[in-house]
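> here is a sequence together with a model predicted from it:
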Protein chains: 2
Amino acid sequence: MAERVKALAAVHVPAVDLHFHPQCFRAAGHFAGTDAERTAAFVEIANDSTFDALWFGRGGYGSGRIAEAALDQLTGAARAKTYLGYSDAGVLLGGLYARGFQSVVHGPMPADINRDGGEAAVKRALSYLSTGAAETLEPSVAGSGKVAAFNLMTFSQLIGAPFQPDLSGHVLMLEEVSEYMYRIDRSLFHITSNPVVRRVAGIRLGRCSAIPDNDPDFDQDEVEIVQHWCGKAGIPYLGRADIGHDADNKIVPFGGLRSA
Amino acid sequence: MAERVKALAAVHVPAVDLHFHPQCFRAAGHFAGTDAERTAAFVEIANDSTFDALWFGRGGYGSGRIAEAALDQLTGAARAKTYLGYSDAGVLLGGLYARGFQSVVHGPMPADINRDGGEAAVKRALSYLSTGAAETLEPSVAGSGKVAAFNLMTFSQLIGAPFQPDLSGHVLMLEEVSEYMYRIDRSLFHITSNPVVRRVAGIRLGRCSAIPDNDPDFDQDEVEIVQHWCGKAGIPYLGRADIGHDADNKIVPFGGLRSA
């Protein structure tokens, strides 16, 4: 996978020097290396000013295991860097943004090359990292002021933790994959009940894909659900967002265009 | 199911007059009635001083949908009542306890009669409701001071919401069912990252049952996981609790014996 992404980068963004940390290829049970190995790798790249960006390799649960230790070790060099990823990486993206990091970005990762049409997603990420090209951005970003994007369940698990960023005045985009409709509903109950979240400028719903069948049928789809919870919480529902666990997943720079 | 529970109560606690609200038999998609019907039923029984207790009929997702509206309508009569249930009902138990209700109790529900040996669970709940019998209680309750108990995922979804009770100084018991080990880990990451939760006197782990296979194996079991997160958070891990999604689920009166 790494070789395919490197080959793609060599053609598509020849000026970019792409480095895969050896930790990416390690395995320890559920994780790509022990917590200590993964923390050390993250901190090593984040604090190395010779790298312009830290690109998360893939999602799947694991960021929470290292978030507190990793964030506590970051230095000034880490603040000058761009962080790009999504899904479970949202724990670290949220924690970085909560600590005032300026270039925190939701978008495709190297592992997306394995999706149908996934080369387009990886090329989009590489283009963004290379030039910040406007056509890589989620379409509503340009007109939205401050923005942020998360996987719904990942964001739910940040609520009330020190990794939860204050998104007052932001448009919050949320996407989900492989969760039952009742769990999408439950996560939105949780998120929209939080007083800090209630200060967002609005919520946009990304794609909710690969939803297992609810038995009995949930009767409401994901748009009706988010409208229900936004209505109860007094949060404007602003429509769909062009993000999701798929090859079309567009780029969302936290804070909006100022960080692009 | 209701008839079987009523027949059991007639023999086991003949002085108890058990009433099943008609809402229990309604259906609306995923739920036992619409949100309005479920809210109205809860409020009607809670505010009726001729009932000594409100016994949740069953778990399954749904309490979050009615929690804010239902809690806002409760009157003084509701404060004199005992509330008994577990699993998803923890949203309302948490919200009631957060509002200072004095008799909030984690324990079996009528639907437990369908479990293997479930009559024992239902009889335990009826005995508790009838006499507060000491033998119905989770064994550590007597020596623990303040206590509370929740389903792990349900409690996770309360964090940072107005339904999260302040459990400072409490022994917090947590149980889980049918969740992947990585999700048990993720929920404990979430819960133990919360500054209010970090003020608990300790955590006891109830049974974690019907855990689907993790692929690859998670390498840690639920005890190692809770020890890991308690260690990071500076929360004492106090051992196991005799609660779970099973017939042996013992009674935990929130706040400890003063409310029994």
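Happy to help now that I have it.

> show residues contacting stretch A:217-232.
The contact list for stretch A:217-232 (CB atoms under 8 Å, 6 or more residues apart in numbering or on different chains) reads A:174, A:176, A:181-182, A:184-185, A:188-189, A:191-192, A:202-203, A:205, A:208, A:211, A:235-237, A:240, B:28-30, B:68. In this view, the C-beta of every residue, glycine as well, is placed from N, C-alpha and C.

> near chain B, which residues of the stretch 101-250 of chain A?
Listed as neighbours of chain B in the stretch 101-250 of chain A under the rule CB under 8 Å from any CB of the partner chain: A:156-164, A:181-183, A:185-187, A:189-190, A:193-196, A:214, A:216-220, A:232.

> return the members of those classed as buried.
Among those, those scoring as buried are A:156-161, A:163-164, A:181-183, A:185-187, A:189-190, A:193-194, A:214, A:218, A:220, A:232 (criterion: 16 or more other CB atoms under 10 Å in any protein chain shown).

> can you list phi and psi of A:Val177 for me?
When read as degrees, to the nearest 10, the backbone of A:Val177 gives phi -150, psi 140.

> list the contacts for A:Asn151?
Counted by CB under 8 Å, 6+ apart, A:Asn151 has contacts A:Gly59, A:Tyr86, A:Ser87, A:Asp88, A:Gly90, A:Leu174, A:Glu175, A:Glu176, A:Val177, A:His245.

> can I get those in CSV including neighbour count?
Converted to CSV, the contacts of A:Asn151 look like this (neighbours: other CB atoms under 10 Å in any protein chain shown):
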residue, neighbour count
A:Gly59, 20
A:Tyr86, 28
A:Ser87, 26
A:Asp88, 22
A:Gly90, 28
A:Leu174, 26
A:Glu175, 27
A:Glu176, 27
A:Val177, 18
A:His245, 20
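
> now intersect the buried ones among the residues of the stretch 101-250 of chain A next to chain B with the helices, please.
The helices, defined by DSSP state H, take in A:Ser156, A:Met181, A:Tyr182, A:Arg183, A:Asp185, A:Arg186, A:Ser187, A:Phe189, A:His190, A:Ser193, A:Lys232 from these.

> not counting its neighbours along the chain, what's nearest the second one?
If you skip the residues right next to it in sequence, A:Met181 has A:Phe218 as its closest partner in space, 3.9 Å away by CB to CB, 6 or more residues apart in numbering or on different chains.

> next one, pLDDT for the closest residue to chain B within chain A please.
Relative to chain B, the nearest point of chain A is A:Gly160 (2.8 Å; CB to the nearest CB). A:Gly160 carries a pLDDT value of 98.

> what's near enough to touch it?
A:Gly160 sits in contact with A:Asn194, B:Ile159, B:Gly160, B:Ala161, B:Gln164, B:His190, B:Ser193, B:Asn194, B:Val196, where contact means CB under 8 Å, 6+ apart.

> with A:Ile191 instead?
With the criterion set at CB under 8 Å, 6+ apart, A:Ile191 makes contact with A:Leu152, A:Phe155, A:Ser156, A:Ile159, A:Leu174, A:Val197, A:Trp229.

> for the first one, give me phi and psi.
Here is the backbone geometry of A:Leu152 (degrees, to the nearest 10): phi -60, psi -50.

> element containing the spatially closest residue to it that is not a sequence neighbour, please.
Of all residues not flanking A:Leu152 in the chain, A:Glu176 sits nearest, at 4.2 Å (CB to CB, 6+ apart). Assigned by DSSP states H and E, A:Glu176 falls within strand A:171-177.

> partners of that strand in the sheet?
Taking DSSP bridges as the criterion, strand A:171-177 sits next to strand A:147-151 (parallel), strand A:202-209 (parallel) in its sheet.

> that strand: how far from the chain's middle?
In this view, strand A:171-177 has its centroid 9 Å away from the chain centroid, taken as CA atoms, centre = their mean, to the nearest Å.

> can you pull out the residues in contact with that strand?
A:87, A:106, A:138, A:140, A:144-153, A:155, A:184, A:187, A:191, A:197, A:200-211, A:222, A:226, A:238, A:241, A:243-245, A:249, A:252.

> do the same with stretch A:252-260
Under CB under 8 Å, 6+ apart, the answer for stretch A:252-260 is A:93, A:97, A:102-107, A:132, A:137-138, A:141-142, A:144-149, A:165, A:170, A:173, A:241, A:243.

> can you dump the C-alpha atoms of that stretch in PDB for me?
Provided in PDB are the C-alpha atoms of stretch A:252-260 (Å, rounded to 0.1, in the frame of the first residue of the first chain):
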ATOM      1  CA  VAL A 252     -12.000  20.300   5.500                       C
ATOM      2  CA  PRO A 253      -9.300  22.500   7.100                       C
ATOM      3  CA  PHE A 254     -10.300  23.100  10.700                       C
ATOM      4  CA  GLY A 255     -11.000  26.800  11.300                       C
ATOM      5  CA  GLY A 256     -11.800  27.400   7.600                       C
ATOM      6  CA  LEU A 257      -9.800  28.900   4.800                       C
ATOM      7  CA  ARG A 258      -7.400  30.800   7.000                       C
ATOM      8  CA  SER A 259      -5.600  27.500   7.800                       C
ATOM      9  CA  ALA A 260      -5.400  26.300   4.200                       C
END
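
> quick revisit: what is the nearest of the ones in helices among the buried ones among the residues of the stretch 101-250 of chain A next to chain B to B:Ala78?
Distance to B:Ala78 across those (CB to CB) is lowest for A:Ser193, with 20.7 Å.

> ok, that closest one - contacts?
Per CB under 8 Å, 6+ apart, neighbours of A:Ser193: A:Ala233, B:Gly64, B:Glu68, B:Gly160, B:Ala161, B:Pro162, B:Phe163.

> repeat for A:Ala161
B:Ile159, B:Gly160, B:His190, B:Ser193, B:Asn194.

> then A:Phe31?
So A:Phe31 contacts A:Arg38, A:Gly62, A:Arg65 (CB under 8 Å, 6+ apart).

> closest to A:Arg115 out of those residues?
Using CB to CB, the contacts of A:Phe31 come closest to A:Arg115 at A:Gly62, 19.6 Å.

> if we can go back for a sec, any chance of the contacts of A:Asn151 in CSV, plus pLDDT and distance to B:Leu74?
Output for the contacts of A:Asn151, formatted as CSV (pLDDT from 0 to 100; distance: CB to CB, whole Å):
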residue, pLDDT, distance to B:Leu74
A:Gly59, 95, 42
A:Tyr86, 98, 41
A:Ser87, 98, 40
A:Asp88, 98, 39
A:Gly90, 98, 36
A:Leu174, 98, 32
A:Glu175, 98, 36
A:Glu176, 97, 33
A:Val177, 96, 38
A:His245, 98, 41
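
> in the stretch 1-150 of chain A, what spans have low per-residue confidence?
In the prediction, the stretch 1-150 of chain A carries no residues with pLDDT under 70.

> can you pull out the strands in it?
A:53-55, A:82-85, A:104-106, A:147-151 (DSSP state E, counting those that start in this stretch).

> could I get the ones you listed as JSON lines with distance to A:Gly117?
Formatted as JSON lines, the strands of the stretch 1-150 of chain A follow (distance: least, CB to CB, whole Å):
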{"stretch": "strand A:53-55", "distance to A:Gly117": "19"}
{"stretch": "strand A:82-85", "distance to A:Gly117": "19"}
{"stretch": "strand A:104-106", "distance to A:Gly117": "19"}
{"stretch": "strand A:147-151", "distance to A:Gly117": "20"}
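
> who's in contact with the residue located most distally from the centre of chain A?
Farthest-out residue of chain A from its mean C-alpha position, per CA atoms, centre = their mean: A:Pro216, at 31.5 Å. The contact partners of A:Pro216, taken as CB under 8 Å, 6+ apart, are B:Ala27, B:Gly29, B:His30.
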